[in-house]
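Novice: dropping a prediction and its sequence here:
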Amino acid sequence: MNATPLHTFTDRADAGRQLADSLSKFAGERNLFILALPRGGVPVAAEVAKALGKPMDVLIVRKLGVPGHEEVAMGAIASGGVQVLSDDLIEMLQLTPKQVDAVVKRETGELARREKLYRDSRPAPAVAGCTVIVVDDGIATGSTMSAAVELLRYQKAGRIIVAVPVAPPSTVERLGEEADEVVALIEPEPFVAVGQWYDDFSQTSDEEVRFLLAETAPPPGVPMAKVAEVLTGKSVLHHIREHAKPLTGESEDYDGLLEMIGGASVVLLGEASHGTHEFYRERAEITKRLIVEKGFNAVAVEADWPDAYRINRYVRGETGDVDSVDALGGFERFPAWMWRNADVLDFIGWLRDHNEHVYSLDHQVGFYGLDLYSLHKSMNEVIAYLERRDPEEAAKARALYSCIDRYGKDPQNYGLMVGSGVGDSCRAEVIQQLTDLRAKEVEYMSLNGQAAADEFFYAEQNARLVKNAEQYYRKMFRSNASSWNQRDEHMMETLVELVAHLQSHHGNSKVVVWAHNSHLGDARATDMARRGELNIGQLVRQAFPYQSKLIGFTTYTGTVTAASGWHLPAERKQVRPGMDGSYEQLFHQVGIPNFWLDLTQDNPAVAALKEPRLERAIGVVYLPETERQSHYFKADLAGQFDAVLHFDMTRAVEPLERSAEWARDEAPETYPAGL
């Protein structure tokens, strides 16, 4: 049939549904097989099989191309050792047995690979005497389809129908002489290429083929009467495509996400790396909307308390730094790029401008740090606060903190010495200092109203950080789980203290948290639980079960700012494509460049994502050469997050200070897919 060249198919599934309508006359045939030519023909054939209620399998056929003219077939091979050669053509071209054997050997290897991949131990269907519909996503020259028809003749198939969405008229005419019937929905002229007639002609993956075969090929022993029941499902990818919300850069992209967040007062926004531009940018865009539309008044981040509080003072218009770059000056230690980058610079500039235009100080938005690495800086901040308020108490604090100072400026030295029993613990001293400070709370807060309350809160959190950091560094050399839990429990404690302070002194507490997925996704849904680890995501859900939302981020490939080791320079590194069996690879195969999924809904996509898979986590160090061991863990994504945002191709965040290594990597190495 001829059709207007303007006709296109949305994707292969759409083409399959349309093709199924044209094949409905075969639904009543008892011995009917649907065979797909992998890989592109499988999604098309899966829709045909479901519509007709018939079993589907793959016809794994390899055309044997003439050496130097591979588009010309001199024969074909198929499952079960089937080999058909055109002796006349081989003789006419004077091909030697060695030349023919080389082609057969090469194609046999690929045939075996696909057999193992798609069929494993499942036998090929016996088609003798049966009607067979052979499906592909389209044909151009038709040489592979011709080889398939010839093989089916050799296997004594009863009737052979070639069915494709699109093919040129000349090919349809030729195949009509080889097969019993050809069904082509459109036969455009000029033809150009198969992909020309699809809106989405992204490559079909091996994993998608396996999914579709699992859902359309009934297990051995299932009666034909039950086949229709087996074939009613859709693939995981189809379910995700149906429920994914594309992110196109439009202002309404996150309308649905904000609706899902609803009245939550604690929203956790993650990241799959500490150096990806899209994660920072989109996290900031969502946060802006939460601030403007839902009244959020605090951003709490995976950063040290005193460094982030310097930004807090700046965005609130307090005296000190004159611009955003200066306000980021507290982030001096490795990894400085994590917060000293272009995206954070833009966000705090926006935050400062927002705060300048609100109608009261209580409606300003603050910026706070949750982490505990600033042991010595926080000690100095406590002493500085007391020197302004109470010099006598400052002297006492200096004496108490000198217990830690004697181990030097690197807190790991303290942890190593005390943890190994060589040095004495300063636990009692740091607890005493926090107790002494809290005993003066009423006195210090009476000096200057709200400003005094905020400054006392700042000093108190620094003193509490010193207490927790002292314990963290002592635990660092004992077990990973112990120190990890200490750190996340501190971050959770800081978050709770912040919520209480904002509620008490500003009348409102709605907090956005920025941190890595490994901190924000519920640990109980990951390998972390098996190792005895917890995290903020788990603790937040336990503390705020009806007021919290956890939102994760993923990427498939691109570039990332990361180091090759702790304290080494920042580099712009290539992110390897998501590994086989990972969520990252699965989301790449969805075929939508950027999208988000609501995981709170009860739908097949969410149910499918409860199946544990690999998930990638890139921190400040990225080691692509050992990626499986260094950066992947097992997770149940639907239990880990309330929503996930996927950005298929991402780029490195831009540090404010570009190292020679970062600037040098203009064209990073490209890795093959799936490694």
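Specialist: Yes, it's here.
Novice: helices of the stretch 351-500 of the chain, residue ranges please.
Specialist: Per DSSP state H, counting those that start in this stretch, the stretch 351-500 of the chain carries helices over the ranges 375-389, 391-405, 411-419, 427-439, 441-445, 449-475, 480-506.
Novice: give me the mean pLDDT for the shortest one.
Specialist: It stands for helix 441-445. Throughout helix 441-445, pLDDT has a mean value of 84.
Novice: now tell me what touches the helix or strand harbouring residue 98 from outside.
Specialist: Element membership of residue 98 [criterion: DSSP states H and E] is helix 97-114. Under the contact criterion Cβ atoms under 8 Å, 6 or more residues apart in numbering, helix 97-114 has outside partners 38, 58, 60, 62-65, 67, 74, 77-79, 83, 85, 90. All C-beta spots, glycine's among them, are computed from the backbone N, C-alpha and C.
Novice: one step back: go through the helices of the stretch 351-500 of the chain and name the closest to residue 18.
Specialist: helix 480-506 (52.2 Å; Cβ to Cβ).
Novice: circling back: buried subset of the contacts of helix 97-114?
Specialist: Members of the contacts of helix 97-114 that pass the buried threshold by neighbour count (16 or more other Cβ atoms under 10 Å) are listed as 38, 58, 60, 62-65, 74, 77-79, 83, 90.
Novice: flag the least confident of those.
Specialist: The pLDDT minimum for the buried ones among the contacts of helix 97-114 sits at residue 79, where the score is 66.
Novice: circling back: so which of the contacts of helix 97-114 are in strands?
Specialist: Under the assignment DSSP state E, those contribute 58, 62, 63, 64, 65, 74, 77, 78, 83, 85 to strands.
Novice: element containing residue 513, please.
Specialist: With secondary structure defined by DSSP H and E, residue 513 is part of strand 511-514.
Novice: CA atoms only: put that strand into PDB for me.
Specialist: The C-alpha trace of strand 511-514 is given here as PDB (Å, rounded to 0.1, in the frame of the first residue of the first chain):
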ATOM      1  CA  VAL A 511      13.700  23.600  55.100                       C
ATOM      2  CA  VAL A 512      15.200  22.400  51.900                       C
ATOM      3  CA  VAL A 513      18.200  20.000  52.400                       C
ATOM      4  CA  TRP A 514      20.900  19.700  49.700                       C
END
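Novice: can you list the neighbours in contact with the next helix or strand after it?
Specialist: If you walk from strand 511-514 toward the C-terminus, the next helix or strand you reach (DSSP H and E) is helix 517-520. Counting by Cβ under 8 Å, 6+ apart, the neighbours of helix 517-520 from elsewhere in the structure are 268-272, 302, 488, 491, 513, 528, 535-537, 550-553, 615, 617, 619, 640.
Novice: same deal with stretch 10-19?
Specialist: Contacts of stretch 10-19 from elsewhere in the structure, counted by Cβ under 8 Å, 6+ apart, are 9, 40, 43-48, 51, 135, 137, 163-166, 183, 185, 198-201, 204, 238, 591.
Novice: quick check: buried residues in it?
Specialist: So for stretch 10-19, counting by 16+ other Cβ under 10 Å, buried means 11, 12, 13, 14, 15, 16, 17, 18, 19.
Novice: please flag which of the residues you listed sit within strands.
Specialist: Residues from the buried residues of stretch 10-19 lying in strands, with DSSP E as the criterion: none.
Novice: now, which of the residues you listed sits nearest residue 645?
Specialist: Distances from residue 645 to those, taken as Cβ to Cβ, are shortest for residue 11 (22.3 Å).
Novice: could you measure from that closest one over to residue 557?
Specialist: In this view, residue 11 and residue 557 are 22 Å apart by Cβ to Cβ, to the nearest Å.
Novice: ok, now residue 297?
Specialist: 37 Å.
Novice: picking that back up, of the buried ones among the contacts of helix 97-114, closest to residue 466?
Specialist: Closest approach between the buried ones among the contacts of helix 97-114 and residue 466, by Cβ to Cβ: residue 38, at 61.8 Å.
Novice: isn't the closest one up against residue 58?
Specialist: Yes. Using Cβ atoms under 8 Å, residue 38 makes contact with residue 58 at a distance of 4.9 Å.
Novice: touching both of those two, which residues are there?
Specialist: 114, 118, 209.
Novice: with pLDDT added, can I get these in a markdown table?
Specialist: Shown next, in a markdown table, are those (pLDDT from 0 to 100):
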| residue | pLDDT |
| --- | --- |
| 114 | 77 |
| 118 | 79 |
| 209 | 84 |
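Novice: which of the residues you listed sits closest to residue 458?
Specialist: In terms of Cβ to Cβ, no member of the shared contacts of residue 38 and residue 58 lies closer to residue 458 than residue 209, at 57.9 Å.
Novice: low-confidence bits of the stretch 201-350 of the chain, can you list those?
Specialist: Within the stretch 201-350 of the chain, the stretches falling below the threshold (pLDDT under 70) are 215-235.
Novice: which stretches in it count as helices?
Specialist: Listed in chain order, the helices of the stretch 201-350 of the chain (DSSP H, counting those that start in this stretch) span 206-216, 227-230, 236-243, 255-261, 277-294, 305-315, 324-327, 342-356.
Novice: can you tell which of those helices is closest to residue 450?
Specialist: Residue 450 lies closest to helix 305-315 among the helices of the stretch 201-350 of the chain, at 13.9 Å (Cβ to Cβ).
Novice: show me what the closest one is packed against.
Specialist: Counting contacts by 3 or more Cβ pairs under 8 Å, 6 or more residues apart in numbering; DSSP states H and E, the secondary-structure elements packed against helix 305-315 are helix 324-327, helix 342-356, strand 366-371, helix 375-389, helix 449-475.
Novice: for the protein, which spans come out with low pLDDT?
Specialist: In the predicted model, the chain carries pLDDT under 70 at residues 1-7, 71, 79-82, 120-122, 215-235, 447-449, 478-480, 665-675.
Novice: how's it carved up into domains?
Specialist: Here the domain assignment for the chain is 12-233, 234-274+282-300+511-667, 372-509, based on automatic domain parsing.
Novice: state the phi and psi torsions of residue 594.
Specialist: Note on residue 594: backbone dihedrals following degrees, to the nearest 10 are phi -140, psi 130.
Novice: list the buried residues in the helix holding residue 98.
Specialist: Using 16+ other Cβ under 10 Å as the test for burial, helix 97-114 gives 99, 100, 103, 104, 107, 108, 111, 114.
Novice: between it and helix 206-216, how big is the angle?
Specialist: Orientation check (axes from the mean of the first three to the mean of the last three Cα atoms, to 10 degrees): helix 97-114 against helix 206-216 gives 60 degrees.
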